[in-house]
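Novice: requesting a structural model of the entry that follows:
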Amino acid sequence: ALKIFGSVLHEPNLWHLNRRSASGAFGIGLFFAFWPVPFQMWLSAGLAIPFRANLPLSVATVWVTNPFTIPPIFYGAYKVGTTVLGTKPEHFEFQFSWQWVVESINTIGPAFLVGCGICSVVFGLAGYFSLNWVWRFQVKKAWERRRQMRNQEAH
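Specialist: All right, here's what the predicted structure looks like:
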């Protein structure tokens, strides 16, 4: 099944962890975690490849939204959407049916989708820059420790 990608999957950054590939993967995974679709992992993998982000990490990060966390996360996205659109939040009860989804597109759908879009961008960027900063900070700390150890050995 992976033959369709040809040699693209031989890119080292797709499989190795370094600051660039990990930060990109984390940002991509969080970006797609807020998309209300059942194929978030495929989208994350599809974007990780051209951006040369770590493929397993980008797919795993999508699981921030899982069956236990989806209700509060998506409700928060809905609240963001109502705030941005200036609409009054509507009371609704989730029903696991296609009919409910179709009916809800007209009522809560616009606010929900706008909120998901905003949360995707905000959390994706925050994830990218946060992990990038943490990685740099840890490397800087490790270099400083090595320098201190060399200085102690020299004295």
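
Novice: run through the strands of the protein in chain order.
Specialist: Shown for the chain, no strands are assigned by DSSP state E.

Novice: where does it have its least confident helix or strand?
Specialist: helix 98-107 (a mean of 83; mean pLDDT, DSSP states H and E).

Novice: contacts for it, please.
Specialist: If you take CB atoms under 8 Å, 6 or more residues apart in numbering as the criterion, helix 98-107 is touched by E90, F92, F94, F112. The C-beta positions use only the backbone N, C-alpha and C, and glycine is treated the same way.

Novice: can you pick out the most distant pair from these?
Specialist: Maximum pairwise distance in these, criterion CB to CB, is 12.6 Å, between E90 and F94.

Novice: can you check which helix is longest in this structure?
Specialist: The residue-count maximum for a helix in the chain (DSSP state H) belongs to helix 109-154.

Novice: mean confidence for it?
Specialist: Confidence over helix 109-154 (mean pLDDT, whole number) is 95.

Novice: what's the angle from it to helix 98-107?
Specialist: 90 degrees (axes from the mean of the first three to the mean of the last three CA atoms, to 10 degrees).

Novice: can you pull the contacts of G109?
Specialist: Contacts of G109 by CB under 8 Å, 6+ apart: none found.

Novice: try 10 Å this time
Specialist: When the contact criterion is CB atoms under 10 Å, 6 or more residues apart in numbering, the partners of G109 are P36, Y78, G81, V101, V102, E103.

Novice: please apply the same query to L131.
Specialist: With contact taken as CB under 10 Å, 6+ apart, L131 is in contact with R19, A22, S23, G24, A25, F26, G27, L30, L57, T61.

Novice: and P89, how many neighbours?
Specialist: Residues near P89, counting by other CB atoms under 10 Å, number 13.

Novice: before we move on, back to that, let's have the contacts of L131 in a markdown table, adding pLDDT and neighbour count.
Specialist: What follows is these, written out as a markdown table (pLDDT from 0 to 100; neighbours: other CB atoms under 10 Å):
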| residue | pLDDT | neighbour count |
| --- | --- | --- |
| R19 | 93 | 15 |
| A22 | 95 | 21 |
| S23 | 96 | 23 |
| G24 | 96 | 24 |
| A25 | 96 | 30 |
| F26 | 97 | 26 |
| G27 | 97 | 25 |
| L30 | 98 | 27 |
| L57 | 96 | 22 |
| T61 | 97 | 27 |
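
Novice: look up how far V37 lies from A25.
Specialist: 19 Å (CB to CB, to the nearest Å).

Novice: thank you kindly, that will do.
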